[in-house]
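*Asks:* have a look at this prediction, sequence included:
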Amino acid sequence: MTKIGIFGGAFNPVHCGHVSIAQQAFDELKLKKMLIVPTAQSPHKSNSGLLDYETRAQMCRLAFADRVESGQFEICDIENRLGGTSYTINTVRQLKKEYPADTEFYLIIGGDMLFYFEKWYRYEALLGECKVTAAAREENEYADMCEFAARVGRIKVLNLKVVKASSTEVRERLALGEDISGLVPEKVEKYIRDNRLYAV
């Protein structure tokens, strides 16, 4: 059985919180590989202000460069290839067609997405297609996440160290000309500033 992680998001931009969850989940779950999956069009968030797919994918390549180089992580373009609104159930089913039958997929989501999970498109079917695993993005939400996951069933909550950052905060700081060091990886910050993204 080969264990593959799926960590998706708009990554608009990718930040240190994303990197921390992905790396810790990879180690905690003893995964063979982690697929970083930038969304094409998010069903959960407004797509206004969403940078083009390739720009967001490039920021992910920079953020996870060391792990990609080692072969542990891969920036996966599946949602861009599928096109349209990026429903996770479609992504997972397509991945299952592309990987060997003995592959076990672990979908890693943040606490913000967990509390919204019952509103996901065909969420019950998704629980049958992969192992859903959640990690806190805020301090002190682990207990609430465990309670929620127990009620929904078939969701594992990881107790990981929280690195507090959000894409919204990064964009707001950039729009105001404020410092974002420590919120995004250094290579990502340089890329944002070099390309004058988010009204820098």
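*Replies:* Ah, there it is. Residues are numbered from 1 along each chain as shown.

*Asks:* quick one: low-confidence residue ranges for the protein.
*Replies:* Scanning the chain for pLDDT under 70 picks out 44-47, 200.

*Asks:* what are the ranges of the helices in it?
*Replies:* Using DSSP state H, the helices found in the chain span residues 16-29, 53-63, 65-70, 78-82, 88-98, 111-114, 123-129, 142-152, 167-175, 186-194.

*Asks:* mean neighbour count for those - can I get that in JSON lines?
*Replies:* For every residue, glycine as well, the C-beta is placed using N, CA and C. As requested, the helices of the chain are exported to JSON lines (neighbours: other C-beta atoms under 10 Å):
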{"stretch": "helix 16-29", "mean neighbour count": "20"}
{"stretch": "helix 53-63", "mean neighbour count": "20"}
{"stretch": "helix 65-70", "mean neighbour count": "13"}
{"stretch": "helix 78-82", "mean neighbour count": "16"}
{"stretch": "helix 88-98", "mean neighbour count": "16"}
{"stretch": "helix 111-114", "mean neighbour count": "19"}
{"stretch": "helix 123-129", "mean neighbour count": "15"}
{"stretch": "helix 142-152", "mean neighbour count": "15"}
{"stretch": "helix 167-175", "mean neighbour count": "17"}
{"stretch": "helix 186-194", "mean neighbour count": "16"}
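
*Asks:* so for residue 105, which of the ones you listed sits nearest?
*Replies:* Among those, the nearest to residue 105 by C-beta to C-beta is helix 88-98 (6.1 Å).

*Asks:* helices or strands next to that closest one in the packing?
*Replies:* Judged by 3 or more C-beta pairs under 8 Å, 6 or more residues apart in numbering; DSSP states H and E, helix 88-98 is in contact with strand 2-9, helix 78-82, strand 103-110, helix 123-129.

*Asks:* residue 2 versus the spatially closest residue to residue 122 that is not a sequence neighbour, what's the distance?
*Replies:* Ranked by C-beta to C-beta, 6 or more residues apart in numbering and with sequence neighbours excluded, the top spatial neighbour of residue 122 is residue 89, at 4.7 Å. To residue 2, residue 89 is 21 Å away according to C-beta to C-beta, to the nearest Å.

*Asks:* now residue 29
*Replies:* From residue 29 over to residue 2 (counting by C-beta to C-beta), the distance is 12 Å.

*Asks:* how about residues contacting stretch 156-170?
*Replies:* 10-21, 24-25, 28-29, 114, 131-139, 142, 145-146, 149, 180, 183-184, 198 (C-beta atoms under 8 Å, 6 or more residues apart in numbering).

*Asks:* swap in 6 Å and give it another go.
*Replies:* 12-13, 15-17, 20, 24, 28, 133-136, 139, 142, 145-146, 149, 180, 183-184 (C-beta atoms under 6 Å, 6 or more residues apart in numbering).
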